[in-house]
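> Give me the fold of what follows.
(2 chains)
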Amino acid sequence: MNEMTMDRAYRPARLARAQQNVLGAPVPRIEGPAKVSGTATYAYEGAEAGTAYAAIVGAPVGSGRVTAIDTAAAEALPGVIAVIHGDPRMVTGGSNSQGIAHSGTDRVFHYGQPVAIVVAEDQAIARDAAALVVVHAAPGADRFDRNAQPVERDHDLGFLPAIDIGDLDVALAAAPVVVDRSYTTPVHFPAALEPHASTVSWADGKLLVRTSNQVIGGARGTIAKALGLAKEDVRVLAPYVGGGFGGKTGVGPEVILAAIAAEKVGRPVKIALPRAQTAYLVHHRSATTQRVRIGATEDGRITAFAHEGVAAQNDDASFLEPIPFGSLPLYAGEARRFRTDLVRVDLPATGAVRAPGEAIGTFAVECAMDELAERLGLDPVELRRRNEPEVDPVNGKRFSTRRLLDCYDEGARRFGWADRRKGREGDWLIGHGMAAALRGNFTVMAEARVTLGADGRATVETDMTDIGTGTYTILAQTAGEMLGLAVADVAVRIGDSDLPASAGSGGSFGAGSACSAVVLACEDIIAALALRMNASPEELTLHDGCVVAGGRSVALADLLHGEPIVATGKTGPGTETQATSQASHGAHFVEVAVNAITGEVRVRRMLGVFDVGRVLNAKTAANQLIGGMVWGLSYALGEEAVVDTRNGHFINPDFGEYHVAVHADVPRIEVHFIEEIDDSANPVGAKGVGELGISGAGAAVANAIHDACGVRVRDFPVTLDKLLAGLPPL
Amino acid sequence: MHFTINGQSYQAEPDIRTSLLDLCREHLGLTGSKKGCDHGQCGACTMLVNGRRINSCLSLAVMHQDDEIVTIEGLGTPEDLHPLQSAFVRHDGYQCGYCTPGQICSAVGMLDEVRKGWPSHVTGDLDAPRFNDDEISERMSGNICRCAAYPNIVDAIREVAEADGTVDIALRQTVEAGA
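Below is the predicted model of the structure:
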């Protein structure tokens, strides 16, 4: 095992020399042909014959207690195998990294909470029967309106403590210019296109789970704990995951319920949540209220910066949206205050959705910066330039790499920011906006095994997932670069919890962590090859399946003499991680058109320049950023889950009424990189990509709308009803 | 009942509640078509029935006796991809892959609609419809990609349309007009 924690900046010699030149290249996804031909099998597919179908019965009330469950009508339906309730292992909700839901309770934490499970011979029968189960309940507090609940300032939820540096009140009072604004954001669904789904089976007391999950190593432990099993008796498979966006970081209740059902009926069971049920059984991003106060000098130097917010959670979960997470190191300013307060509600759990904190926190902060620039008569880019910190302004740590100024410059140049002209084209008012992007970088413990086979081809194995992020391909590229192999000569096995434990896909830490483990494993293989060549590892050239040293070139297969080399690498955070402030950065530039009559908004151009450390695959990394930018557009203009405060229902729990961006909403999008390998982040030098694109993107859209029509909307989403009254006279 | 799917003959006796999508996915082992919403809101289940694209989750299996049904499996295989399938790979017109079979089936049906001169919401001149990126985006808007690889999907479809003589002329006109 080649194990290395990040106790110093490190760049592997092999990657510094780049002999194969495959890492970073825009290689098409290696699993692409399977995906486009429909042969990639997701969690609900490929079940063995005799698999029964399950459906979840939800609580008919949003709080209180379940008093009785009448299953007679459901059980009488032909094709129903069992109706199960009252099992003490049944969970009330999903788990996430912060905790596991309650089990064995009759308490209702939210509408639709699982209270029974129906097993039937057919999917339609299971659904029909679930609707026939009658659940009786006693009423509860019905805290459905978050705005009517008391705000708790003292709580122990979330990972981000309140931060107070300097005397904010004094600094604000002394500042010649102060912007003090409040912003609100709505409930945000992850809404992965593949609904949560699982196929489970038991054999000899061991549980096999095929599931749609982002972090299967963690899932294995959670499932084992929930069912009272040893971790070794649970195997989790997730070879293909139809999107996650944070919603599949934990274990959904359907996994535990299906396992109980499969045990009860003695057959494999599969379950997929109907779309509307995903609104209740998958966590969402909390609605938030945020207050941003920025004090500045007349020439635009920030002296006071406060970002305070309120997020919601129910009594069953312990996550709290870290609203100011992306704001902490973004701008200079001596006096600083950051905090997230809590309101308790009887609604489905809130949890980590793509870029928790940054996605919505940047909406408030980057719109407030735009308002400050306007007050100062400064260009928004120039205001940001004047407040670029030298070191992390919260803790004084040095930045590992920070190319934010270059992102501004390069973005402004490519976009034509200096030459932008707002104005009118027919009925359309044209405007432009920009915003900064920042997403904290994490390095997480990860392990991978690489086998250089006797045929000279390599296999990478780790329990990573590919949720659309490109994991399959970048792992192959990393091993290919290290060992001098074409991507086609590297096989990748992931999505199986029996494989070496990785970080999983979440928090944008998957790629950097997992690829670094591959790098370290390959270093051991290279050392073994060097011995056989009577050379030092540094003297080897590895290229296209051949090893060259001392004027001798040998094909890998010949050097191995029929004996494969197996090596394991493991990487994780260390003292260098602690000593540095690490984040990915970027700058967004947007052009919008606002209809002068209807207030309809069309985004016409989006351009982003990003600093993500080493780019592992230019094609898949750019696609991740495009996806994030569209998410910004989408939540800026349309996404909003509406709570019926009378009963705790979501009024719009499906794609018909919860509006995500579709083709027609999305313009041409340009993505560019400022590539500086981050040797402090991890051995492969990559920082997070998947969540960076959404950070700031919505603010850039809102700022462009203000530029176009003069209306400043501080309540997302910016729907046309909020613009109409303020539009300029026709 | 008798069904013709991807040129093959299938016998099945689906429950009258069974959608065409569930017939394929749950009874015939054709799991390439995906279920994202079961409400005709996402397009992941798009199939071609007698040459036209439909949301197969909104259509009951029992309505399709003797129809010619084509699913993603009928367009190409990993070893022998349809031009649209290989264009999606080349342009990275996906991320998680779950909407992809629906996007590709929808694009096949959409390009045929263009060839027939059918207008869309964004078509300006009905007598001389022009094909361009706005038309692709408008006509593909029934297919949600939550990963939002939309620009790459449009690139893939445009490339195939350009290589296809029947769509080519109108497309070139538009490109010149916009240049």
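
> According to the record, where do the domains of chain A fall?
Domain assignment for chain A, taken from automatic domain parsing, gives A:2-40+A:443-570, A:142-396, A:400-441+A:582-730.

> Hmm, I typed the wrong one, I wanted chain B.
Domain assignment for chain B by automatic domain parsing gives B:2-75, B:83-178.

> Alongside chain B, which residues does the stretch 101-250 of chain A contribute?
Applying CB under 8 Å from any CB of the partner chain, we find that the stretch 101-250 of chain A lies next to chain B at A:122-125, A:128, A:191-195, A:240-245. From N, CA and C alone the C-beta is placed, and that goes for glycine too.

> Would you format the domains of chain A as TSV with distance to residue A:76, mean pLDDT and mean neighbour count included?
Listed next are the domains of chain A as TSV, based on distance: least, CB to CB, whole Å; pLDDT from 0 to 100; neighbours: other CB atoms under 10 Å in any protein chain shown:
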stretch	distance to residue A:76	mean pLDDT	mean neighbour count
domain A:2-40+A:443-570	38	96	21
domain A:142-396	17	97	22
domain A:400-441+A:582-730	28	97	23
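
> Make a markdown table from those and add distance to residue B:90 to it.
As requested, the domains of chain A are exported to a markdown table (distance: least, CB to CB, whole Å):
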| stretch | distance to residue B:90 |
| --- | --- |
| domain A:2-40+A:443-570 | 6 |
| domain A:142-396 | 20 |
| domain A:400-441+A:582-730 | 9 |
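
> Of all these, which one is nearest residue B:56?
Of all those, it is domain A:2-40+A:443-570 that lies closest to residue B:56, at 12.8 Å by CB to CB.

> What's the end-to-end length of stretch A:591-600?
Taking CA to CA, to the nearest Å, stretch A:591-600 runs 14 Å from one end to the other.

> What of stretch B:36-50?
23 Å.

> Are that stretch and chain A in contact anywhere?
Yes: contact between stretch B:36-50 and chain A, assessed by CB under 8 Å from any CB, occurs at B:36, B:37, B:38, B:39, B:41, B:42, B:44.

> Looking at the chain, which helix is longest?
You didn't pick a chain, so chain A it is. The longest helix of chain A (DSSP state H) is helix A:510-532.

> actually chain B
Determined from DSSP H, the single longest helix within chain B is helix B:100-115.

> mean confidence for it?
Computed over helix B:100-115, the mean pLDDT rounds to 96.

> Can you tell me which helices and strands it packs against?
Applying 3 or more CB pairs under 8 Å, 6 or more residues apart in numbering or on different chains; DSSP states H and E, one finds that helix B:100-115 makes contact with helix A:32-36, strand B:46-49, strand B:52-55, helix B:72-75, helix B:83-91, helix B:133-139, helix B:150-163, helix B:165-178.

> relative orientation of that helix and helix B:150-163 in degrees?
40 degrees (axes from the mean of the first three to the mean of the last three CA atoms, to 10 degrees).

> Mind picking out the helix or strand in chain B with the poorest mean pLDDT?
Within chain B, no helix or strand scores below helix B:165-178, which has a mean of 47 by mean pLDDT, DSSP states H and E.

> re the thing from before, looking at the helices and strands packed on helix B:100-115, which is nearest to residue A:626?
It's helix B:150-163; of the helices and strands packed on helix B:100-115, that one is closest to residue A:626 (CB to CB) at 5.9 Å.

> For that closest one, give the mean pLDDT please.
Helix B:150-163 shows a mean pLDDT of 95 in the predicted model.

> and it, anywhere near chain A?
Yes: for a cut-off given as CB under 8 Å from any CB, helix B:150-163 has contacts with chain A, namely B:150, B:151, B:152, B:153, B:154.

> Which of those residues sits closest to chain A?
residue B:150 (4.2 Å; CB to the nearest CB).

> quick one: that closest one and residue B:141 touch, right?
No: here residue B:150 does not reach residue B:141: they are 9.6 Å apart, not a contact under CB atoms under 8 Å.

> neighbour-wise, which of the two wins?
Neighbours of residue B:150 and residue B:141, each counted by other CB atoms under 10 Å in any protein chain shown, are more numerous for residue B:150; the result is 29 against 19.

> Let me see the contact set for the more buried one.
Residue B:150 is in contact with A:626, A:630, A:661, A:662, A:663, A:666, B:137, counting by CB atoms under 8 Å, 6 or more residues apart in numbering or on different chains.

> shouldn't residue A:444 be in contact with residue A:573?
Yes: judged on CB under 8 Å, residue A:444 makes contact with residue A:573 at a distance of 7.3 Å.

> roughly how far apart are the residue of chain B found nearest chain A and residue B:97?
Across chain B, the shortest distance to chain A (CB to the nearest CB) belongs to residue B:32, at 2.0 Å. Residue B:32 sits 11 Å away from residue B:97, going by CB to CB, to the nearest Å.

> Could you do residue A:388 as well?
39 Å.

> Repeat that for residue A:154.
Taken as CB to CB, the span from residue A:154 to residue B:97 is 46 Å.

> Equivalent analysis for residue A:136, please.
Distance of residue A:136 to residue B:97, computed by CB to CB: 43 Å.

> and residue A:222, helix, strand or coil?
Here residue A:222 is recorded as helix under DSSP: H, G, I helix; E, B strand; the rest coil.

> more crowded one of residue A:136 and residue B:97?
A side-by-side neighbour count of residue A:136 and residue B:97, using other CB under 10 Å, places residue B:97 first with 30 against 12.

> which one is the spatially most central residue of chain B nearest to, not counting chain neighbours?
Note on chain B: the residue nearest the mean C-alpha position is residue B:106, at 1.5 Å, using CA atoms, centre = their mean. Distances taken as CB to CB, 6 or more residues apart in numbering or on different chains place residue B:46 nearest to residue B:106, at 4.4 Å, with adjacent residues excluded.
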